[in-house]
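K.L.:
Coordinates only, no sequence provided:
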């Protein structure tokens, strides 16, 4: 199984939720209004740097992750959004 983490601009999270559904992702956890600094600059939710990100986590099979990756690439090409997507191996223990 794979744990996937997607970081997206908070203003695009509703569109991302639609993309997740289109890719067959039935469960995920979302952290809204995440702040930090990265290649797109500061996202601190402050007056000087008002933007924030959303972080979405899901556990998927390797096959489902490939389908999601392909759907996300098409989403990024269509709207110009830059997503950060990482995945790692996980083991279900309960």
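P.N.:
Sure thing, it's come through. All values reported here derive from a predicted model rather than from experimental measurement.
K.L.:
Spell out the residue ranges of the helices in this structure.
P.N.:
Using DSSP state H, the helices of the chain run over 13-22, 62-79.
K.L.:
want to throw those into JSON lines with mean pLDDT, mean neighbour count and distance to residue 92?
P.N.:
(Glycine included, C-beta is placed from N, CA and C.) Converted to JSON lines, the helices of the chain look like this (pLDDT from 0 to 100; neighbours: other C-beta atoms under 10 Å; distance: least, C-beta to C-beta, whole Å):
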{"stretch": "helix 13-22", "mean pLDDT": "91", "mean neighbour count": "16", "distance to residue 92": "20"}
{"stretch": "helix 62-79", "mean pLDDT": "86", "mean neighbour count": "15", "distance to residue 92": "14"}
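K.L.:
Put together TSV for these, with distance to residue 35 on each row.
P.N.:
Formatted as TSV, the helices of the chain follow (distance: least, C-beta to C-beta, whole Å):
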stretch	distance to residue 35
helix 13-22	15
helix 62-79	22
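K.L.:
correct me, but residue 19 touches residue 73?
P.N.:
No. Counting by C-beta atoms under 8 Å, residue 19 does not reach residue 73; the two are 10.4 Å apart.
K.L.:
picking up where we left off before, who wins for proximity to residue 54 among the helices of the chain?
P.N.:
helix 13-22 (4.0 Å; C-beta to C-beta).
K.L.:
on contacts alone, who are the packing partners of the closest one?
P.N.:
Judged by 3 or more C-beta pairs under 8 Å, 6 or more residues apart in numbering; DSSP states H and E, the packing partners of helix 13-22 are strand 53-60, helix 62-79.
K.L.:
Please compute how far the longest one lies from its chain's middle.
P.N.:
In other words, helix 62-79. Averaging C-alpha positions (C-alpha atoms, centre = their mean, to the nearest Å) puts helix 62-79 11 Å from its chain's average.
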